[in-house]
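Q: I'd like to go over a predicted model; first the sequence, then the structure.
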Amino acid sequence: MGHFFVTTPIFYVNDVPHIGHAYTTVTADALARWHRLAGDEVFFLTGTDEYGLKIQRAAEDNGRTPQEHADITSARFRETWDLLQITNDDYIRTTEERHRLTVQKLLQRVYDNGFIYSDTYEGPYCVPCEAYYTEAELNDGLCPIHDRPVEEMKEANYFFKLSEFEQPLIDWYEANPEAVGPDVRRNEALGIITQGLRDISITRSSLDWGVPVPWDDDHVFYVWYDALINYATAAGFGSDDDRFAEWWPHVHHLLAKDILRFHCVYWPAMLMAAGLEPPKALSVHGYLQVGGAKMSKTTANQIFPAELVDEFGVDGFRYHFLRDNSFGPDGDFSHEGMLERFNADLANNFGNLVSRVTTVVDKKCDGIGPAPRPDSPLASVAAEVVRDSAAAWEAISPSRALEHTWRLLRETNAFLEANVPWKADPGPEVDAVLGDALEVVRLACILASPAIPNATQAAWERIGLSGQVTDQRIADDAVWGLYPAGLTVAKGDPLFPRLK
RNA sequence: GGCGGCGUAGCUCAGUUGGUGAGAGUGCUCGACUCAUAAUCGAGAGGUCGUCGGUUCGAGUCCGACCGCCGCUACCA
């Protein structure tokens, strides 16, 4: 039994939740649910990032205070996660008091350790990026990211001595080859480091929407620096030492590739500077593209979770994003693909299997479920599937885990065809076959519950089991033969009606 | 320019340290079945494993070159 601390990035309240945010969050949720099944102590954190010039200006444009603006957008993220039945244990907002205290405490330590110094900075500044550029980085005087004019800014800044962490970071990467994955991202991060790190500006004096620098009232921390620290805040840094000791550094960060630099370079360095351990693991995934193009506000091709939930349901939504794209490379979202996957896996396989099994039990066993055979031909398949699915979840490969789980469903459909219990007269032969099939349904409910929590609970109840699927434990319950004889099995409407 | 990655059936992808005839799911065709959500089961068609060359008894799997795509990074403008 271990500790599994999983995080999504905190999402910037300048944006509203779309399927890209949901992709990361649903994955984190499924992993959290899996680890709970595995018997681990789980702490699942998500939240919102609320400081910075962009927020301050967006708020002004809307005639609100920055806090009001953040409150509104943060609530939209929270509502979306509620809709998707995300089981986060905490929801952190960077404007909370607990976060201010932790940021100040942690960065004061970095300051005391001598890794922060004051200097003036002058140069072209892009407001949307909230970053300075060198003249060389500009394209015809425009921001290379946003392709818009930059502003000449000059201010006294505090700088973090990132340059001093070049070698420590390289040493850390070499000592922890599994820390950043997949390999392509690890190489990328290592490349950034080995090409040389410059000190970075971490404060702003030109705005006040941020966490105040404890040793200098005229400054607030640059939004990215306070944001990363949310992970430490929620783990109890500076407020609950016992709790922090329990959860740190057993943290597993999930993130998209655009924020790799911050998470895989700056964050470990900042932790080292504070005398803390870098994260245990950082899993970087790609973008969900739409029709091969990056999803963005400017191209207006964003897709929002609620629209898809209306059509496919919560389970259909979750399943698609977990199963259809392997976690790592860019994936392509298409409505046709989602429909195809829904019908093939959820309607035709999972849902239909539950329907046919419950119907035949109703007809041949008077609706009373018989027991499975200890030596069923499906027993060894089930054991393999449990093993393979577990390994895939551990390896942060939800799509593979579900692929393995679905193998059990396919084999059971073939098993039923081979034994045709619907043609035989009631008796021990039929009972044996149906008992085996019911046992598969029980096991599949456990294994698939991280992805499709509602349908698995419903199926669980249809085959007469009580309690919650989520209360099951892999080691004790995902074992062949535990479905008890004598339960009332109920037919019901299709769990996943086919969609057109 | 440097570093890294990718290119395998229509589609999405698996293919450990090179070794029986190259796989899965999905889609398509045909057949079976009818308990079930026009679901399921079986069979089949479909790939010169980006191209060329090399190492080897033997390469999708190693080496080199090239083509195409992508990521990070640098520089010139």
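A: It's in.
Q: what about the closest residue to RNA strand B within the stretch 101-250 of chain A, how many neighbours?
A: Using C-beta to the nearest atom of the strand, A:N187 is the residue of the stretch 101-250 of chain A that sits closest to RNA strand B, at 4.0 Å. (C-beta placed from N, C-alpha, C; glycine too.) Burial measure for A:N187: 12 neighbouring residues, criterion other C-beta atoms under 10 Å.
Q: ok, A:V354 next?
A: Here the count is done by other C-beta under 10 Å, and A:V354 has 27 residues near it.
Q: and it, what element?
A: helix A:352-364 (DSSP states H and E).
Q: what do you get for A:L322?
A: helix A:305-323.
Q: I'd like the mean pLDDT over that helix, please.
A: For helix A:305-323, the mean per-residue pLDDT is 92.
Q: tell me the contacts of A:L84?
A: By C-beta atoms under 8 Å, 6 or more residues apart in numbering, the contact list for A:L84 reads A:A22, A:T25, A:V26, A:D29, A:P305, A:V309, A:V314, A:F317, A:R318.
Q: again, but for A:K280
A: By C-beta under 8 Å, 6+ apart, A:K280 lies in contact with A:A179, A:P249, A:H250, A:V251, A:H252.
Q: could you measure from it over to A:D61?
A: As defined by C-beta to C-beta, to the nearest Å, A:K280 lies at a distance of 41 Å from A:D61.
Q: try A:E394
A: Taking C-beta to C-beta, one finds A:E394 at 46 Å from A:D61.
Q: looking at these two, which is more packed in?
A: Using other C-beta under 10 Å as the criterion, A:E394 and A:D61 rank with A:E394 on top: 14 against 9.
Q: residue contacts, A:F262?
A: Counting by C-beta under 8 Å, 6+ apart, A:F262 has contacts A:W224, A:L228.
Q: checking it next. Helix, strand or coil?
A: Per DSSP: H, G, I helix; E, B strand; the rest coil, the secondary structure class of A:F262 is helix.
Q: also A:S118?
A: Following three-state DSSP, A:S118 is assigned to strand.
Q: tell me where the model's unsure across chain A.
A: Within chain A, the stretches with pLDDT under 70 are A:1, A:128-147, A:291-300.
Q: indicate the residue of it located nearest to RNA strand B.
A: For chain A, C-beta to the nearest atom of the strand, closest residue to RNA strand B: A:G351, 1.6 Å.
Q: what about that residue, neighbour count?
A: Look at A:G351: counted by other C-beta under 10 Å, it has 23 neighbours.
Q: and it, what is it in contact with?
A: Contacts were defined as C-beta under 8 Å, 6+ apart; by that measure A:G351 touches A:A455, A:P494, A:L495, A:F496, A:P497.
Q: dump those residues into JSON lines; add neighbour count, secondary structure and distance to A:F4 as well.
A: Listed next are the contacts of A:G351 as JSON lines, based on neighbours: other C-beta atoms under 10 Å; DSSP: H, G, I helix; E, B strand; the rest coil; distance: C-beta to C-beta, whole Å:
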{"residue": "A:A455", "neighbour count": "23", "secondary structure": "helix", "distance to A:F4": "24"}
{"residue": "A:P494", "neighbour count": "12", "secondary structure": "coil", "distance to A:F4": "34"}
{"residue": "A:L495", "neighbour count": "22", "secondary structure": "coil", "distance to A:F4": "29"}
{"residue": "A:F496", "neighbour count": "24", "secondary structure": "coil", "distance to A:F4": "29"}
{"residue": "A:P497", "neighbour count": "12", "secondary structure": "coil", "distance to A:F4": "35"}
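Q: can you redo those as a markdown table with distance to RNA strand B?
A: Formatted as a markdown table, the contacts of A:G351 follow (distance: C-beta to the nearest atom of the strand, whole Å):
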| residue | distance to RNA strand B |
| --- | --- |
| A:A455 | 8 |
| A:P494 | 3 |
| A:L495 | 4 |
| A:F496 | 5 |
| A:P497 | 5 |
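Q: so which residues on the stretch 401-500 of chain A come close to RNA strand B?
A: Selection of the stretch 401-500 of chain A residues close to RNA strand B by C-beta under 7 Å from any atom of the strand yields A:410, A:413-414, A:416-418, A:420, A:422-423, A:494-498.
Q: how does it look with 10 Å?
A: The stretch 401-500 of chain A has residues A:403-404, A:406-407, A:409-418, A:420-423, A:437, A:455, A:459, A:491-500 near RNA strand B, with proximity defined as C-beta under 10 Å from any atom of the strand.
Q: buried subset of those as a ChimeraX selection?
A: To isolate the buried members of those in ChimeraX, using 16 or more other C-beta atoms under 10 Å:
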select /A:403,404,406,407,409,411,412,413,415,416,421,437,455,459,495,496
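Q: next step: the residues of the stretch 401-500 of chain A next to RNA strand B restricted to helices.
A: Among those, DSSP state H puts A:403-404, A:406-407, A:409-418, A:437, A:455, A:459 in helices.
Q: re the thing from before, closest to A:G114 among the contacts of A:K280?
A: Set against A:G114, the nearest of those by C-beta to C-beta is A:P249 (22.6 Å).
Q: quickly find the element holding the closest residue to that closest one other than its chain neighbours.
A: What sits nearest to A:P249 in space, not counting adjacent residues and going by C-beta to C-beta, 6 or more residues apart in numbering, is A:E277, at 3.8 Å. Using DSSP H and E, A:E277 sits in no helix or strand.
Q: tell me which stretches of the stretch 1-150 of chain A form helices.
A: For the stretch 1-150 of chain A, helices defined by DSSP state H, counting those that start in this stretch occupy the ranges A:19-37, A:53-61, A:66-83, A:97-112.
Q: starting at the chain centroid, how far to the shortest one?
A: By that I understand helix A:53-61. 28 Å (C-alpha atoms, centre = their mean, to the nearest Å).
Q: could you tell me the angle between that helix and helix A:66-83?
A: 100 degrees (axes from the mean of the first three to the mean of the last three C-alpha atoms, to 10 degrees).
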